[in-house]
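> Here's my sequence, what's the structure:
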Amino acid sequence: MCRNIKTLFNFEPPATEDEIHASALQFVRKLSGFNKPSQSNDAAFNLAVAEVSAAARKLLISLQTTAPARDREIEAEKARERSRLRFG
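Predicted structure coming up:
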């Protein structure tokens, strides 16, 4: 799995449109192997990003959980601590 794609479900506040789009963009980049597609592939690339964004949005809306929503700041601090431990 691409390390840059972050979990978006069950956070308070919920994922923004920008976060959903960014994760879709990373996913399509990973699948296609393009960081920036050529002009001939640009339309297909952008369509894929839009469709993945829509699917991700639909998924996030339909998921259910009984777990309490996670706090973004607490999760970010945990990630920073893991990074400190890993990289020193």
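> average pLDDT across the longest helix along the chain?
Across the chain, the longest stretch assigned as helix under DSSP state H is helix 39-62. Per-residue pLDDT values across helix 39-62 average out to 97.
> how about that helix: buried residues?
Neighbour-count burial for helix 39-62, counted by 16 or more other Cβ atoms under 10 Å, picks out 45, 48-49, 52-53, 56-57, 60. Where C-beta positions appear, they are placed from N, C-alpha and C, glycine not excepted.
> In a markdown table, list those residues along with distance to residue 80.
Below are the buried residues of helix 39-62 laid out as a markdown table (distance: Cβ to Cβ, whole Å):
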| residue | distance to residue 80 |
| --- | --- |
| 45 | 33 |
| 48 | 32 |
| 49 | 29 |
| 52 | 28 |
| 53 | 28 |
| 56 | 25 |
| 57 | 28 |
| 60 | 25 |
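> Run through the residues that contact the residue nearest the centre of the chain.
The residue lying closest to the centre of the chain (Cα atoms, centre = their mean) is residue 23, at 2.8 Å. Going by Cβ atoms under 8 Å, 6 or more residues apart in numbering, residue 23 touches 5-6, 8, 56.
> Per-residue pLDDT of residue 80, please?
So residue 80 comes in at 92 (pLDDT).
> For it, which three-state class applies?
helix (DSSP: H, G, I helix; E, B strand; the rest coil).
> distance of it from residue 5?
18 Å (Cβ to Cβ, to the nearest Å).
> More neighbours: these two, which one.
Under the criterion of other Cβ atoms under 10 Å, the comparison of residue 80 against residue 5 puts residue 5 first, with 14 against 10.
> Doesn't the more buried one lie inside a strand?
No. Read with three-state DSSP, residue 5 is coil and lies in no strand.
> now it: how far from residue 49?
For residue 5, the distance to residue 49 - Cβ to Cβ - is 13 Å.
> Same question for residue 26.
Residue 26 is 10 Å from residue 49, where distance means Cβ to Cβ.
> mind saving the C-alpha coords of the longest helix of the chain as PDB?
Extracted as PDB, the C-alpha positions of helix 39-62 are listed here (Å, rounded to 0.1, in the frame of the first residue of the first chain):
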ATOM      1  CA  GLN A  39      -1.100  15.500 -22.700                       C
ATOM      2  CA  SER A  40      -2.500  12.500 -24.500                       C
ATOM      3  CA  ASN A  41      -3.200  10.700 -21.200                       C
ATOM      4  CA  ASP A  42      -4.300  13.700 -19.200                       C
ATOM      5  CA  ALA A  43      -8.100  13.300 -19.800                       C
ATOM      6  CA  ALA A  44      -8.000   9.600 -18.800                       C
ATOM      7  CA  PHE A  45      -5.900  10.400 -15.800                       C
ATOM      8  CA  ASN A  46      -8.200  13.200 -14.600                       C
ATOM      9  CA  LEU A  47     -11.300  11.100 -15.200                       C
ATOM     10  CA  ALA A  48      -9.800   8.300 -13.100                       C
ATOM     11  CA  VAL A  49      -9.000  10.700 -10.300                       C
ATOM     12  CA  ALA A  50     -12.600  12.000 -10.400                       C
ATOM     13  CA  GLU A  51     -14.100   8.500 -10.400                       C
ATOM     14  CA  VAL A  52     -11.900   7.300  -7.500                       C
ATOM     15  CA  SER A  53     -12.700  10.400  -5.500                       C
ATOM     16  CA  ALA A  54     -16.500   9.800  -6.000                       C
ATOM     17  CA  ALA A  55     -16.100   6.100  -5.000                       C
ATOM     18  CA  ALA A  56     -14.100   7.100  -2.000                       C
ATOM     19  CA  ARG A  57     -16.600   9.700  -0.900                       C
ATOM     20  CA  LYS A  58     -19.500   7.200  -1.400                       C
ATOM     21  CA  LEU A  59     -17.500   4.600   0.700                       C
ATOM     22  CA  LEU A  60     -16.800   7.000   3.500                       C
ATOM     23  CA  ILE A  61     -20.500   8.000   3.700                       C
ATOM     24  CA  SER A  62     -21.700   4.400   3.800                       C
END
